[in-house]
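Participant: give me a model of this one.
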Amino acid sequence: MELKRITRQLNWLKIYSIVNTAVLAGILVYLGLGGASNSGYKSLNNQDTLNISYIKAQRVDIIENDDKLAISLSNSQTSPNPTFDNIELKGVSNRNTPNIIFFDGEGDEVGGMAFSNSLNSEWQQGIRHLAFDGNHQDEVVTVSHFIKNDSISRTGFYIHQRPQIHILDALSEMGVSPNDSEDILANKISEFKKSNPKRFEEIWQLKSRVSIEKNEQDDAVINLYDGEGRVRMKLFVEKSGNAGIHFIGEDGGVVSKLK
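Facilitator: Residues are numbered from 1 along each chain as shown. As a prediction, this is how the structure comes out:
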């Protein structure tokens with residue numbers, strides 16, 4: 001009786017194994033041929049593509065054929081660090097926000113989008129930000145929307161002027177190493193600014209050139225700046241309806257007005 005029972009169990013195990021193998025093979029064939037219209041792999045222009053209806057991830061990278069980043073979609077904790085000439089800058093930017101980062105096909109960052117909401121017991125702030133970087137530099141064109149306490153907001157289009165120096169060369173001159181943490185990097189830049197203010201301005205200082213915005217007072221304003229980042233002409237329509245053009249001197253004072 002014991003021998004018959006063991007033989008019967010072995011036969012069931014054989015059947016179970018054959019059925020599992022057949023099911024697994026069927027799944028693999030199903031995926032290889034494309035399966036349903038919204039799931040599995042299928043061939044497109046002789047390349048394997050995955051067609052699925054839903055993906056859940058903390059970060060998704062679009063890469064070039066050589067594995068360099070093209071676009072990166074990240075949550076607030078997984079964003080890639082800025083990279084220039086294949087050198088990763090670990091402390092250049094604090095990006096504790098969900099974001100989309102753009103690269104130039106060679107691995108250099110060239111802009112991105114960021115979205116955040118911050119809340120504490122006293123105030124609330126939201127940021128919606130789209131930026132395009134200069135060549136081997138930081139932001140030169142931005143479109144932004146900032147909200148504070150649901151009642152104060154600023155929305156605008158901004159053009160900036162950056163120094164004509166590679167960002168890696170500027171950081172190196174200030175004593176910054178690519179492996180420096182954010183705190184160390186910030187301290188080195190701050191110390192350089194104190195000891196070499198003129199040179200700091202030449203190699204690092206952002207200067208505004210054009211801004212078109214709805215400001216915190218709900219006025220519509222166009223500001224035009226000179227090469228030193230000083231506003232020299234302001235066109236505005238206030239919330240009340242008052243409108244005008246102000247021409248501004250180097251010292252910031254209005255030298256003439258048109259209404």
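Participant: neighbours of residue 236, how many?
Facilitator: 16 (other C-beta atoms under 10 Å). Using the backbone N, CA and C atoms, a C-beta is placed for each residue, glycine as well.
Participant: dump the residue contacts of it.
Facilitator: Residues near residue 236 by C-beta atoms under 8 Å, 6 or more residues apart in numbering: 219-222, 243-246.
Participant: show me the shaky parts of the stretch 1-150 of the chain.
Facilitator: Scanning the stretch 1-150 of the chain for pLDDT under 70 picks out 1-47, 93-94, 119-124.
Participant: what segments of it are helices?
Facilitator: 2-33 (DSSP state H, counting those that start in this stretch).
Participant: could you pull out the strands in it for me?
Facilitator: Per DSSP state E, counting those that start in this stretch, the stretch 1-150 of the chain carries strands over the ranges 41-44, 47-50, 59-63, 69-74, 83-84, 87-88, 99-103, 109-119, 124-133, 139-148.
Participant: of all these, which lies closest to residue 166?
Facilitator: strand 83-84 (7.4 Å; C-beta to C-beta).
Participant: on that earlier part again, out of the contacts of residue 236, which are buried?
Facilitator: Neighbour-count burial (16 or more other C-beta atoms under 10 Å) applied to the contacts of residue 236 gives 221-222, 246.
Participant: between those, which is nearest residue 164?
Facilitator: Using C-beta to C-beta, the buried ones among the contacts of residue 236 come closest to residue 164 at residue 222, 26.0 Å.
Participant: name the helix or strand for residue 171, please.
Facilitator: helix 167-173 (DSSP states H and E).
Participant: in that helix, what's buried?
Facilitator: 167, 170-171, 173.
Participant: output the contacting helices and strands for it.
Facilitator: helix 197-203 (3 or more C-beta pairs under 8 Å, 6 or more residues apart in numbering; DSSP states H and E).
Participant: from the chain's centre, how far out does the helix it packs on sit?
Facilitator: 27 Å (C-alpha atoms, centre = their mean, to the nearest Å).
Participant: I'd like the next helix or strand past that helix.
Facilitator: Following helix 197-203 toward the C-terminus (DSSP H and E): strand 207-214.
Participant: each with direction, which strands does that following strand pair with?
Facilitator: strand 152-161 (antiparallel), strand 220-225 (antiparallel) (DSSP bridges).
Participant: redo the contacts of residue 236 as CSV? Include distance to residue 134 and pLDDT.
Facilitator: Shown next, in CSV, are these (distance: C-beta to C-beta, whole Å; pLDDT from 0 to 100):
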residue, distance to residue 134, pLDDT
219, 29, 96
220, 28, 98
221, 25, 98
222, 22, 98
243, 34, 96
244, 33, 96
245, 30, 97
246, 29, 97
